[in-house]
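Asker: sequence and predicted model, in that order:
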Amino acid sequence: MNIGTRLYTRLNGELVGEDAHGNRYYQSREAKTAPLYRRKRWVVYKGRVEASKVPAEWHGWLHYTCDAPLDGGARAWVQPHLPNLTGTPAASVPAGDERRGGQRPAATGDYQAWRP
Amino acid sequence: MPKLTIDGIAVDVPAGTTVLQAAESIGIEIPRFCYHERLSIAGNCRMCLVEVKPGPPKPAASCALPVAEGMEVRTNSEMARKARRGVMEFLLINHPLDCPICDQGGECDLQDQALTFGADRSRFQESKRAVAEKNLGPLIRTAMTRCIQCTRCVRFCTEIAGVPDLGMVGRGEHAEIMPYLDGVLGSELSGNLVDVCPVGALTNGAYAYTARPWELAHTESIDVLDAVGAAIRVDTRGAQVMRVLPRLNEAVNEEWLADKSRYAIDGLKVQRLDTPWVRRDGTLKPATWAEAFDVIARRLADVPGSRIAALVGDQVDAETATVLKDLWTALGSPHLDCRQDGAALEAGARAGYVFNTTIAGIEDADAVLLIGTDPRAEAPLINARLFKRFRKGGLRVGRVGLSGRDLIYPVEDLGDDPSVLTAIAGGTHPFAEVLKAAQRPMLIVGQGALARPDGAAVLALARAIAEATGMVIEGWNGFNVLHTAAGRVGALDLGLVPGEGGRDAAGIVSGCAEGAIEAVYLVGADERDLSGLGQAFVIYQGSHGDAGAQVADVILPGAAWTEKDATYVNTEGRVQRATRAVLPPGEAREDWKIVRALAEALGHRLPLDTLAQVRARMVALAPVLGRLDTLAPAGWAPFGRAGTVAATPFAPAVTNRYMTCPITRASPTMAACVRAFLNGNEKRTGTDG
């Protein structure tokens, strides 16, 4: 969080809630909002700033789709939210990649090198 | 010379020509399935129907119809087209519509001709028949439901391969092609069945479902897995050789190819040397080229040339041999030998180490003496030529040594004792009379007869037989040496034999053991027992990790024959060029470049920087290598060394016909062939378990 966001949040923000990952969600205080405008909503990320860290239940609220965040744990089949893992060690790699054991079907140009 | 008209064009062809051949001679192609130029005429597919006048008012099969004076043939009349469309409709009644999953798709005669001559729909409502698959061994995959009963495979087996195992059994709808006896097809030319089959009934087992013909790039090259030098086409996709097909070369392989040459290519994918290796503290470690040359240069820095030796392997091309010869001259070492099996061949007289009769010349011979050779195992295509000559009638074949082996034509066994040769040379043996009475007698000396301590005496004896029985006359030379190594003749032409005071292959190995030789350079030499090299510093250069790599101190990765532009000389002395189809794997390089770089590391910069320079130098060393694809008779000159021949029977040069070099030993298909065909009856090599 840069200094501008920190200052703005201190002056204008009203904490709405916190998600399972520790991201905190704010909206502007009613008193600070002009009468004909809607209340501004924003998120303060925990750790790295990465938009995909926002889970679905807060995503709807953040984009003014719903008035309150949804209940994420309401249904047993809902998977826990995962941010975009590209570029991290947990990133998805295809089967056959060295990081997945290197087992893949034979392809043109393959050869088996001699080892003593 | 009957005169006839075909589609209004007057033709004049020799009597006995068929209408189909006459039409072909003026460029009119008549569709056919069962007709094949090199097989007998069956006339059972009926696809070649044409309208002929005068004659009965019905179409006639042009492949089986001899031309006659005044014949009027129409190949594209309404009657002919209707007849062909009807034949095609009948053929397709029982042919499955599985082109999308058929390996022949894209190169299928039935597919092409159905498109051109067939109807656009079928009137057949009934059930199609299905035929059980046959087991023809690991090389041929069958889908006999697709068979159209052209019987080309039956005729090929009977007439070319000499193994009459296949036949058509049953009548009408129940007719099917099958081996008469259950079991694999015991021919070493069986891969050609895939080529003669016009549909997808017999397909290449090793290539099954791996590629489509339109994906492949074609490179015309030369086969090096035996010494026949068959013309081949290497089909590649990307960096991989997918299959090898024969090319037409009437003088060498006609249009056939031996199974080993066709199927061993999967050995190019395994056991490959793709980086230099250096032995450090007793174990081989991967290295860079610079490190490898540095290790060699430092080790050989103060070793005199007289203590360095080189053994040249069986598949070494003439370019590599040229550079190696120059390097050894520069080093001042006489220890250089290309005959790693110890064959007593001399580099001097070319007539003494080539197949003088030529392969096509076999067809003129009328008596043959085989000396310590099994052409069926050593050179299947030469054996097929002998069989072709036998089928014309009047050929007598005698054999000394290796008796009892089944060649595909009758052979008179004269005994295993080499002293029979002395009797033939002296004219006291009955077979000497056969050879003398023959107009064109020939003899074939195998490597098994020469690769023994008294090999030079056997060679001299063979020469004496050739002279005593009139084999060397004006326009005919019946003295033949049958090689098993593709690089041997080229290396002998370039003189890669021990110089003054030099050691031969056996001497080099024993010299290493006793310390007289300090360093030995194995250029693709794997076929000798290399366990006795003692403390010598061993440099191995080759494409595969085989016997040589196991004992090496430095390994330099070379290229296989599909991976370099190279010159090979076949057993006849025919100079041919192999063309690069793919690149060598990893860090491997073309062999002549490695030797050239090694020379520089050793402080002898050779003025051979380009392939053109190497080839110019090659021709300067051996002018005969400058004449590509043509043969000139070699002059008859003295060779061999008279002496006593021991009574020990000749040992076979090829103990396992499917595994004769590092590539074939690495090949899974060849291992499957050994299991299926040799069945433990022939001695296996050390590497197949």
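Answerer: All right, it came through fine.
Asker: determine the longest helix present in the chain.
Answerer: As the question left the chain open, I've gone with chain A. Determined from DSSP state H, the single longest helix within chain A is helix A:3-12.
Asker: let's do chain B instead
Answerer: Among the segments of chain B that qualify as a helix by DSSP H, the longest is helix B:78-93.
Asker: can you give me the helices for chain A?
Answerer: Listed in chain order (using DSSP H), the helices of chain A are A:3-12, A:56-62.
Asker: which among those helices is found nearest to chain B?
Answerer: For chain B, the closest of the helices of chain A is helix A:56-62, at 44.4 Å, according to Cβ to the nearest Cβ. C-beta: built from backbone N, CA, C; applies to glycine.
Asker: centre of the chain versus that closest one, how much separation?
Answerer: Centre-to-centre, helix A:56-62 and its host chain are 11 Å apart (Cα atoms, centre = their mean, to the nearest Å).
Asker: may I see the buried residues of the longest helix of chain A?
Answerer: Along helix A:3-12, the positions that meet the burial threshold by neighbour count (16 or more other Cβ atoms under 10 Å in any protein chain shown) are A:8, A:9, A:12.
Asker: export that helix as PDB, just CAs?
Answerer: These are the backbone C-alpha positions of helix A:3-12, laid out as PDB (Å, rounded to 0.1, in the frame of the first residue of the first chain):
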ATOM      1  CA  ILE A   3       1.500   6.400   1.000                       C
ATOM      2  CA  GLY A   4      -1.300   8.000  -1.000                       C
ATOM      3  CA  THR A   5      -3.700   5.000  -0.500                       C
ATOM      4  CA  ARG A   6      -2.800   4.800   3.200                       C
ATOM      5  CA  LEU A   7      -3.600   8.500   3.700                       C
ATOM      6  CA  TYR A   8      -6.700   8.300   1.600                       C
ATOM      7  CA  THR A   9      -8.000   5.300   3.500                       C
ATOM      8  CA  ARG A  10      -7.200   6.900   6.900                       C
ATOM      9  CA  LEU A  11      -9.100  10.000   5.900                       C
ATOM     10  CA  ASN A  12     -12.000   8.600   3.900                       C
END
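Asker: and the strands in the stretch 1-150 of chain B?
Answerer: Chain-ordered strands for the stretch 1-150 of chain B, with DSSP state E, counting those that start in this stretch as the definition, fall at B:3-6, B:9-12, B:49-53, B:60-61, B:72-74, B:140-142.
Asker: and these: which comes nearest chain A?
Answerer: Comparison of those against chain A by Cβ to the nearest Cβ identifies strand B:140-142 as nearest, at 18.3 Å.
Asker: partner strands of that closest one, with direction?
Answerer: Within its sheet, strand B:140-142 is paired with strand B:202-204 (antiparallel), according to DSSP bridges.
Asker: got the contact list for residue B:568?
Answerer: Each residue near residue B:568 by Cβ atoms under 8 Å, 6 or more residues apart in numbering or on different chains is listed here: B:222, B:224, B:229, B:317-318, B:486-487, B:490, B:561, B:575-578.
Asker: what's the closest of those to chain A?
Answerer: Out of the contacts of residue B:568, the one with the shortest distance to chain A is residue B:561. That distance is 15.5 Å, counting by Cβ to the nearest Cβ.
Asker: that closest one and residue B:315 touch, don't they?
Answerer: Yes: contact between residue B:561 and residue B:315 holds when scored by Cβ atoms under 8 Å: they sit 6.4 Å apart.
Asker: contacting residues for the residue nearest to residue A:5 when sequence neighbours are not counted?
Answerer: When the adjacent residues along the chain are set aside, residue A:5 lies closest to residue A:44, with 6.9 Å between them (Cβ to Cβ, 6 or more residues apart in numbering or on different chains). Going by Cβ under 8 Å, 6+ apart, residue A:44 touches A:1, A:5, A:9, A:23, A:24, A:25, A:26.
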